[in-house]
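S.K.: next come a sequence and a model predicted from it.
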Amino acid sequence: MAEQIPYGIVQSILIKLGSSAFRDIRSAFGLEEDLEKLEKRLGFIQAVLADAEEKEDSSQGIQRWIQELNEVAYDADDLLDDLATQKLKVSHSHPLLSLAFRLKMSHRVKKIKERIDDIEKLVPILNLISRDTRAVDSSWRETYSHVVISEIVGRDENKKEIIKSLVSSDNHKNLSLVAIVGIGGMGKTTLAKLVYSDAAVVRHFELRAWVCVSDDFDVKSLAKKIIISMDTNENLECLNLEALTKKLHQQLSHKRYLLVLDDVWNDDFEKWDQLKNLLMVGAIGSHILITTRKRSVVSTMGDDFSCVLKRLDEDQSWILFSKIGFREGVKEKHPRLEEIGKEIANMCNGVPLIIKTLGSILRSKTEESLWLSIQKNENLLSVRDGPNDVLSVLKLSYYDLSTHLRQCFAYFAIFPKDYRIEREQLINLWMAQGYIQSSDVGNQYFDELLSRSLLEIDIEYGRMRYKMHDLVHDLAQSITGSGILILSDDEKVISKGVRHVSFSGQLSPVTKALKPKSIRTLLKLDDHVPSDVSIVNTLIPSFKYLRVLNLHRFELSKVPKCLDQLSHLRYLDLSSNGFKVLPEHLGKLSHLIYLNLSQNYFEVLPDGVAKLKNLQTLDLDWCRNLKEFPKDIRELINLRHLKNDWCNDMTHMPRGIGELTLLQSLSKFVIGNGRSSDDHTIGRLSELERLNQLRLLGIQNLQNVRNAALETRGDILRGKQFLESLSLKWKWGDLKASQVEEAELVMEGLQPHPNLKELFMSHYPGGKFPSWMMNDELHSLLPYLVTLDLEECSRCQILPPFSQLPSLRYLGLRRMNEVEEMKESSSAKPFFPSLKTLILDNMPNL
């Protein structure tokens, strides 16, 4: 099996070696010469990696070379981590300890350098050549929306036929089956989603459930997935099939339901019959809608109606390719590209996924030679019906990625098919592995994967997440080879090359066969509580080189002491465990960049957390009992994201938080009720002045601002050009007239930068809105505002001229008892030119 090229690890090593911090480390441990040679050798090897990847399928020698490079690259990365960690630990007052460590490290460096020398010597023997690697192309940004909205061509009649079959009043069967059949990449899942969310279907069925099956047609597992998909949060891991059947029947009994089974491969009649018997409890008219590539599946399950997806014809193929492959005006400026594009569209054999993928590759390119290289590619010339043909074309999209982005793409294979992930989570995982150095770069990489249709947007219950098409997921798995393992209950053998492991539910006993030194990722994927959590204290401490550890909802009574041995950790998730106390030893994990402590019960965030100088994200959401931050919070000099929503017991922010000048999101800045300006523990509103990198900000308890004129004199928000989302909250209660006037003064000083996109206000006690909101030129003060939500601004009678805001799409006005009218602007501007949603709730005088 082909090995994954370690692009990200090699790049991470070279960045570390070239940093100023490592120049100090080289000098401190007397390793200047050896580490300089190591840097040069790796730089030379990095230049031939792209060539090695394209040749590895045809050369066993290159495959072995890549395997050996992987081993030494990970060892070198671990070595550099050890050096950085020890630099922090070694005391100048212990020269013998320092000397012993120097000798040990010198020996390790020499061994690694020798191994890299051997790898370098093979480069000319294997005929590997240097190739230019391009940076991530950002020209897609101009037309990003084309990948957000699904481009669907030629499926309208299919959709109508399927819906007609599902809602027909002539159906008197207890359970019917409808099938969508087609080869991979034909749009079966997309069509099923269109049907599933159609208004007529939503009205017709009392219950709807969606389950991705893939190649795991285990009846017990499917029963769990069906129950979970009907919006239950129960822990089902310990239930046997009989108990699951009872729960399933409670959900479905006497209800007309629609169950979608997406991507079914099973053609074993006994398994299907067993599942069908579990589902025969619904009302007449219940349906199962399946998508499958195999006609034998339909024969086995006995369908009542089949929709076999045909390939797109030439016209449809060209329409779809044109929508995705050409930016506005390109066809007119480059008519030759239109000719080549039509030929490429025809060669895609009517498969929408191939058309979409190739269109995404070419969208940002106007050089005729690049279009011709796709047209003449041997993989495209040989496209027929098989999944391997489709996969070979999809690989063109992979090879078109920058080398830095390839490892980011492949890491998605750690998630199962149809798994939905948050953008922020994936970016943090990339950072933890060293594939990227900042979230800004991560967002750029993520958006490029979206623009190329290698990731898809999935919106459910208003929540935006992302997943991969199953064929694209197959591509990611083929690239990672044995490096990534998704543990399953029936796992028998574990490859020695495994480095990244994910699991759901229980940890398989075979986990003990994992090679401790190699494991970089141990990622829990679900909300279920494992029945055996002893593994935390027995097995995990042996994984010395873990970068990612997810212990979400293990229901641990306390933070395991063994964690302080995992000095290489970058990403640690301890959420939903119910911890009442946090230990100081968390501060020993000096490399952490992401720490999730959300949904726990501790009251104090220990001072040790302030020692985590590399920390970029600290998640404290739903820590309802949290009252106190570390007194030295200013020491978290690299913190970008402080998430503290629903920390209801917080009374104030600590003094010094304003020194965290890299902060990009601060979900809840709580203003304290300190009466004295000399109180050195309470952070004032003025702390926000220097936080000019903020993208998201929530300010709470604004009624506690004591000297509004003094605290807001510097226009603390107007200079925040990156701020996109702002939330302003007062606490409801009876206020004196002086406090009402103070609130109005506060609002005058909280005018945001014109780049603001979202504004939320609640319980504002002022009798009037600030002058900047009542301004006739409000349309120019907030030209990009998309969302505006005002709640319980109960004393205001006149609304600002919101109707003139050019970009406003959502306006919510709730419980504003005194409002009588909206101010009309004197300028002749269109009335609510972009508004899509208007909510008026409890506005008796309007």
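M.R.: All right, it came through fine.
S.K.: surely Gly182 touches Val298?
M.R.: No. Using CB atoms under 8 Å, Gly182 is not in contact with Val298, being 11.3 Å away. Glycine gets a C-beta too; all of them are placed from N, C-alpha and C.
S.K.: can you pull up the most central residue in the protein?
M.R.: By CA atoms, centre = their mean, the chain has its centre lying nearest to Arg423, at 2.0 Å.
S.K.: for that one, which non-adjacent residue is closest in space?
M.R.: Phe446 (5.8 Å; CB to CB, 6 or more residues apart in numbering).
S.K.: wait, a strand at that neighbour?
M.R.: No. Assessed with DSSP: H, G, I helix; E, B strand; the rest coil, Phe446 is helix; it does not lie in a strand.
S.K.: neighbours around it, how many?
M.R.: Using other CB atoms under 10 Å, Phe446 has 21 other residues around it.
S.K.: show me where pLDDT drops low in the stretch 301-450 of the chain?
M.R.: Across the stretch 301-450 of the chain, the ranges flagged by pLDDT under 70 are 379, 381-389.
S.K.: helices of that one, residue ranges please.
M.R.: 314-325, 330-333, 335-347, 352-362, 368-375, 378-381, 387-399, 403-410, 423-433, 439-451 (DSSP state H, counting those that start in this stretch).
S.K.: pick the most deeply packed of the ones you listed.
M.R.: helix 352-362 (a mean of 26; mean count of other CB atoms under 10 Å).
S.K.: packing partners for that helix?
M.R.: Packed against helix 352-362 by the contact rule (3 or more CB pairs under 8 Å, 6 or more residues apart in numbering; DSSP states H and E) you find helix 314-325, helix 335-347, helix 368-375, helix 387-399.
S.K.: and if we set it to 10 Å?
M.R.: Judged by 3 or more CB pairs under 10 Å, 6 or more residues apart in numbering; DSSP states H and E, helix 352-362 is in contact with helix 145-148, helix 314-325, helix 335-347, helix 368-375, helix 387-399, helix 439-451, helix 470-480.
S.K.: of the ones you listed, which is nearest Arg809?
M.R.: Ranking the helices and strands packed on helix 352-362 by proximity to Arg809 (CB to CB) places helix 145-148 first, at 13.9 Å.
S.K.: mean confidence score for that closest one?
M.R.: What helix 145-148 shows for mean pLDDT is 30.
S.K.: what do you get for stretch 270-281?
M.R.: If you average the pLDDT values across stretch 270-281, you get 91.
S.K.: with stretch 755-772 instead?
M.R.: On average, stretch 755-772 scores 96.
S.K.: how far off centre is that stretch?
M.R.: Stretch 755-772 sits 31 Å away from the centroid of its parent chain (CA atoms, centre = their mean, to the nearest Å).
S.K.: pull out the buried residues from it.
M.R.: 756, 758-770, 772 (16 or more other CB atoms under 10 Å).
S.K.: CA atoms only: put that stretch into PDB for me.
M.R.: Only the C-alpha atoms of stretch 755-772 are listed here, as PDB (Å, rounded to 0.1, in the frame of the first residue of the first chain):
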ATOM      1  CA  ASN A 755     -17.100  46.600   8.700                       C
ATOM      2  CA  LEU A 756     -19.500  45.100  11.300                       C
ATOM      3  CA  LYS A 757     -21.800  42.400  10.000                       C
ATOM      4  CA  GLU A 758     -23.800  41.300  13.000                       C
ATOM      5  CA  LEU A 759     -25.100  43.400  15.900                       C
ATOM      6  CA  PHE A 760     -27.100  42.000  18.900                       C
ATOM      7  CA  MET A 761     -28.500  44.100  21.700                       C
ATOM      8  CA  SER A 762     -30.600  43.100  24.700                       C
ATOM      9  CA  HIS A 763     -32.100  44.900  27.700                       C
ATOM     10  CA  TYR A 764     -30.700  48.300  26.700                       C
ATOM     11  CA  PRO A 765     -32.300  50.600  29.400                       C
ATOM     12  CA  GLY A 766     -31.800  53.900  27.600                       C
ATOM     13  CA  GLY A 767     -34.700  56.000  26.500                       C
ATOM     14  CA  LYS A 768     -33.300  56.600  23.100                       C
ATOM     15  CA  PHE A 769     -30.800  55.000  20.700                       C
ATOM     16  CA  PRO A 770     -27.400  56.700  20.300                       C
ATOM     17  CA  SER A 771     -26.900  59.400  17.800                       C
ATOM     18  CA  TRP A 772     -24.700  57.300  15.500                       C
END
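S.K.: rewinding a little: so can I have TSV of the helices of the stretch 301-450 of the chain showing distance to Asp170?
M.R.: Output for the helices of the stretch 301-450 of the chain, formatted as TSV (distance: least, CB to CB, whole Å):
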stretch	distance to Asp170
helix 314-325	32
helix 330-333	48
helix 335-347	40
helix 352-362	32
helix 368-375	49
helix 378-381	46
helix 387-399	37
helix 403-410	48
helix 423-433	45
helix 439-451	43
